[in-house]
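Peer 1: Sequence plus the predicted model coming up.
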Amino acid sequence: MLTKRILTVQDISCVGQCSITVALPIISACGIEAAILPSAVLSTHTGGFKGFTFCDLTDEMPKILKHWQSEGLTFDALYTGYLGSARQIEYVLDIADTVLSEGAPLIVDPAMADNGKLYYGFDGAFVKSMAKLVARADITLPNITEASLLTDTEYQETYTPEHVEMLNRKLTEMGAKKVVMTGIGYRPGETGVNVYADGVSRHYAHRKIAKGTHGTGDIYASSFTGSLMRGKDIYDAAVIAADFTLSCIEETQKDPEHWYGAVFETSLPKLIAALN
Ligand code: PXL
């Protein structure tokens, strides 16, 4: 096929602008077909809503995979986001082994922690399972909290480029081929992304907006994956995704009542323009 089809595996949070509800529109805007494998359905995400519902779809995963195999369906990339259990990670590895086309990258966003803390519901055993998936990744996109947890390194709120380099080395020694580390800033008021590929780091710095917004990791990973599949190299894709994510956070700031996610919709034209 001339067109590219990718598969993303993560949950559906019905309200909350994260995981599949941002991955689908963003990857589509990049001009790439996105197929989904929902790992669970939640009424909302877990970051601030109370009493959310949760329907686990783990048992569906092998059945869905079997059907795809019987239809001969394959995917040109596999992008994973928020996953809920060790068993889901085993199924993701089965998917990577069976329905990826030749050379299709495995892109792993180990979405499980931020600001030095695991998200609600995760524990050390899950981190170990996620480390197994990261070890298979062609590209992994951790923030510094996730990189620290995955490599059993103490989390530091402020850090040096040498510290980031050490985390990158540890992640690649585990097996990940390339690392795009998000939320990396060395100066007050600055954040950015560090791309580690073939033993070399390149850092892209940009303005940091003080108030963090939920779901920006998913916006970043989706726009990165879409840009990469549009043929951008890893650094250019990382920069396009950083500029897009920053624009989404700026849009979110215009509405102080919009607390649960980032307003990404109005920045999609900018993302499309950056790719053309
Ligand atoms: O954005 C990451 C994410 C995705 N899905 C669910 C979440 C979170 C973060 O908290 O709760 C259900």
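Peer 2: On my side now, so go ahead.

Peer 1: Taking the stretch 51-200 of the chain, what residue is nearest to the ligand?
Peer 2: Closest to the ligand within the stretch 51-200 of the chain is residue 82: 3.5 Å, counting by CB to the nearest ligand atom. For glycine as for every other residue, the C-beta is placed from the backbone atoms N, C-alpha and C.

Peer 1: Which pLDDT value does the model give that residue?
Peer 2: According to the prediction, residue 82 has pLDDT 97.

Peer 1: What count of nearby residues applies to the residue nearest to it when sequence neighbours are not counted?
Peer 2: Nearest residue to residue 82, sequence neighbours excluded (CB to CB, 6 or more residues apart in numbering): residue 111, at 4.3 Å. Residue 111 is flanked by 25 other residues according to other CB atoms under 10 Å.

Peer 1: Do I have it right that residue 111 meets residue 81?
Peer 2: Yes. Contact between residue 111 and residue 81 holds when scored by CB atoms under 8 Å: they sit 5.0 Å apart.

Peer 1: Mutual contacts of the two, please.
Peer 2: Common neighbours of residue 111 and residue 81, counting by CB atoms under 8 Å, 6 or more residues apart in numbering, are 10, 19, 218, 221.

Peer 1: Would you mind measuring from residue 95 to residue 227?
Peer 2: 23 Å (CB to CB, to the nearest Å).

Peer 1: same deal with residue 178?
Peer 2: 15 Å.

Peer 1: go on, residue 72?
Peer 2: Taken as CB to CB, the span from residue 72 to residue 227 is 28 Å.

Peer 1: More neighbours: which of the two?
Peer 2: Between residue 72 and residue 227, counted using other CB under 10 Å, residue 227 has the larger neighbour count: 26 against 7.

Peer 1: Just to check, the more buried one is in contact with residue 242?
Peer 2: No. Counting by CB under 8 Å, residue 227 stays clear of residue 242, with 10.5 Å between them.

Peer 1: about what we covered before: could you export the shared contacts of residue 111 and residue 81 to CSV, including columns for pLDDT?
Peer 2: As requested, the shared contacts of residue 111 and residue 81 are exported to CSV (pLDDT from 0 to 100):
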residue, pLDDT
10, 98
19, 98
218, 97
221, 98
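
Peer 1: wait, residue 140 sits on residue 175?
Peer 2: No. Under the criterion of CB under 8 Å, residue 140 makes no contact with residue 175, lying 9.7 Å away.

Peer 1: rewinding a little: make TSV from the shared contacts of residue 111 and residue 81 and add secondary structure to it.
Peer 2: Shown next, in TSV, are the shared contacts of residue 111 and residue 81 (DSSP: H, G, I helix; E, B strand; the rest coil):
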residue	secondary structure
10	strand
19	coil
218	helix
221	helix
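
Peer 1: Please tabulate those in TSV and include distance to residue 134 as additional columns.
Peer 2: Shown next, in TSV, are the shared contacts of residue 111 and residue 81 (distance: CB to CB, whole Å):
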residue	distance to residue 134
10	15
19	18
218	17
221	13
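
Peer 1: Specify which member of those is nearest to residue 130.
Peer 2: residue 10 (12.9 Å; CB to CB).

Peer 1: Let me know how buried that closest one is, in neighbour terms.
Peer 2: The number of residues near residue 10, taken as other CB under 10 Å, comes to 28.

Peer 1: separation between residue 40 and residue 82?
Peer 2: For residue 40 relative to residue 82 (CB to CB), the value is 9 Å.

Peer 1: One more: residue 276?
Peer 2: Taking CB to CB, one finds residue 276 at 30 Å from residue 82.

Peer 1: do residue 17 as well
Peer 2: Distance from residue 17 to residue 82, by CB to CB: 13 Å.

Peer 1: How many neighbouring residues does residue 26 have?
Peer 2: 29.

Peer 1: Thank you, goodbye.
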